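In: No sequence on hand, only this structure:
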């Protein structure tokens, strides 16, 4: 496995009196190639003769994620703060997998390939209301929507 990842986030912040805001852009690029081998030479035999068997699996997953977001906080009274945010995320995954088998028995030789590319996106809002009862006690209510992109089952070879 040789995972490589690059991510970057840029932010603009605003802070004035009773209002704060932060807006930004986010980028992620990740590649995850891997190779696996399985050896089973001592498991199979035909008429007393050992049958060699090796399986190799090569995976290659690329993920690109981009997002834009804004979060605001407004202190509308001395101990009350209203917060609201919005994020747009788009994510793309490109997956390729091959499984190959090598054996001294020709019927067990073969290569199976699986490739899939898909993308997902979501708008995820958030809102909160906070009350500070003292320097040590605070209460809040919030509602948020989350997002997690999909994925692929590379083990589903036919």
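Out: Structure received. Computed from a predicted model, the values in this text were never measured in an experiment. Numbering: from 1, shown residues only.
In: Tell me what residue 93 is bridged to.
Out: The partner list for residue 93 in beta bridges (DSSP bridges) reads residue 63, residue 118.
In: Number of residues surrounding it?
Out: For residue 93, the number of neighbouring residues by other CB atoms under 10 Å comes to 19. All C-beta atoms are positioned from the backbone trio N, CA, C, and that covers glycine.
In: Just the pLDDT at it, thanks.
Out: Looking at residue 93, its pLDDT reads 95.
In: What of residue 156?
Out: Reading off the per-residue confidence, residue 156 sits at a pLDDT of 58.
In: and if you look at residue 104?
Out: In the predicted model, residue 104 carries a pLDDT score of 89.
In: Run through the residues that contact it.
Out: Residues in contact with residue 104, defined by CB atoms under 8 Å, 6 or more residues apart in numbering, are 51, 52.
In: 32 is where my numbering starts, stick with that
Out: Done: numbering now begins at 32, and the last item shifts to residue 135.
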